[in-house]
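S.K.: compute the structure for the input listed below.
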Amino acid sequence: MESPIDIESLAGWMTGKGLGSGPIESVRALAGGTQNIILRFTRDGRDYVLRRPPAHLRANSAETMRREARVLKALAGSDVPHPALIADCPDDEPLGAPFYLMEPIDGFNPLGTLPEPHASSAAIQHGMGMALVDGIAALGRVDYRAVGLDGFGKPDNFLERQVQRWRSQLTDYADLAGWPGADALPAVAAIGAWLERHRPAASRPGIMHGDYHLANVMFRHDGPALAAIVDWELATIGDPLLDLGWVLATWPEGDRESTVSVEPWIGFPSAAELVDRYRIGSDRDLSAIGWYHVLACYKLGILLEGTYARACAGKAPRDVGERLHGRAVTLFERADRLTR
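M.R.: The predicted model follows:
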């Protein structure tokens, strides 16, 4: 394949780091949840995966890549399933942007149609749901200061900032011509007000993945265990219970409506079972988990609505925007039910 990066420059950098010798071979692109460049290749008998920002850099692309590498480095030796970091380059040279190398993951992403034996086994699917929650419970147990992540986020007043932060983002969409406005989202103002009134009095900071759901994990081929949690670009120090809220917000309810699509769905646990499982692996207070569920619906709905607003202004595909708007509406409808 024609590589989107300078393979010769990468090889020279790797040689300087003691990462093999000779040519880089068998280069192939891997699908990912973002627009980042993700390549798998072989050098000197060892397999690598490279992750680099997209060819057309966004404003925060370089810093995001540095942060991803930093959190993966911090998780080394923990019981959190994650891609093992091999080496990282925080500079623009030699590839035009920061990048890092990690070990390949022997696993699969569950979106779409599940492979066997997972597709036919209700027991395996039930275990997959439990393993999903075990992953963030383990992440929430990591002492972020002890692993060198002090200063990685702004945990002070994290919950107090959330509603205003996302309300402001929704307001900013009005600058995009053609967007019908926030009134197209059910009960958005009432949900924000409910969140402010019922905000938990205190929270304990920890590492958050920031976008935790079935699309951003990989499972082992031989059973329900997690092979790795992937796509760490939104990781920060905040309230880890929001990761659990994110799982709940994206989890199908009785009508199967969800922001993720996994088929067949024959054995996955209920939302209540997921919360009970998290409780086993965490000493965090879950008495307000319904609030985190609503906050996750609110935040994710506003994020999805952003694509619709851009589509209305001709800055994103219209069909994608309308599909994501439908999901945003579903999330706000769910949040509205939860607050009654």
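S.K.: CA atoms for contacts and neighbours, from now on please.
M.R.: Noted.
S.K.: who are the packing partners of the helix or strand harbouring residue 164?
M.R.: In this assignment (DSSP states H and E), residue 164 forms part of helix 158-172. Packing partners of helix 158-172 (3 or more CA pairs under 8 Å, 6 or more residues apart in numbering; DSSP states H and E): helix 188-198, helix 289-312.
S.K.: start to end distance for stretch 216-235?
M.R.: 12 Å (CA to CA, to the nearest Å).
S.K.: what's the mean pLDDT across it?
M.R.: Averaged across stretch 216-235, pLDDT comes to 97.
S.K.: contacts for that stretch?
M.R.: The contact list for stretch 216-235 (CA atoms under 8 Å, 6 or more residues apart in numbering) reads 33-34, 64-65, 67-68, 71, 80-83, 105-110, 117-118, 124-128, 131-132, 135, 207-211.
S.K.: now do stretch 131-146
M.R.: 78-81, 150, 206-209, 213-214, 217, 224-226, 229, 237, 240, 243-244, 274, 277-278, 281-282.
S.K.: whichever of these end up buried, select them in ChimeraX.
M.R.: Of the contacts of stretch 131-146, the buried ones go into a single ChimeraX selection, burial set by 16 or more other CA atoms under 10 Å:
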select :80,81,206,207,208,209,213,214,217,224,225,226,229,237,240,243,244,274,277,278,281,282
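S.K.: just the contacts of stretch 216-235: which are in helices?
M.R.: 64-65, 67-68, 71, 124-128, 131-132, 135 (DSSP state H).
S.K.: can you list those residues in TSV and add neighbour count and pLDDT?
M.R.: Shown next, in TSV, are those (neighbours: other CA atoms under 10 Å; pLDDT from 0 to 100):
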residue	neighbour count	pLDDT
64	19	93
65	23	95
67	19	96
68	23	97
71	23	98
124	20	98
125	23	98
126	20	98
127	19	98
128	24	98
131	20	98
132	26	98
135	23	98
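S.K.: closest one of those residues to residue 14?
M.R.: In terms of CA to CA, no member of these lies closer to residue 14 than residue 65, at 18.1 Å.
S.K.: of the ones in helices among the contacts of stretch 216-235, just say which sits nearest to residue 313.
M.R.: Residue 313 has its nearest neighbour among these in residue 64, at 26.8 Å by CA to CA.
S.K.: contact partners for the closest one?
M.R.: Neighbours of residue 64 in contact, by CA under 8 Å, 6+ apart: 233, 234.
S.K.: now do 10 Å
M.R.: 52, 53, 58, 70, 98, 232, 233, 234, 235 (CA atoms under 10 Å, 6 or more residues apart in numbering).
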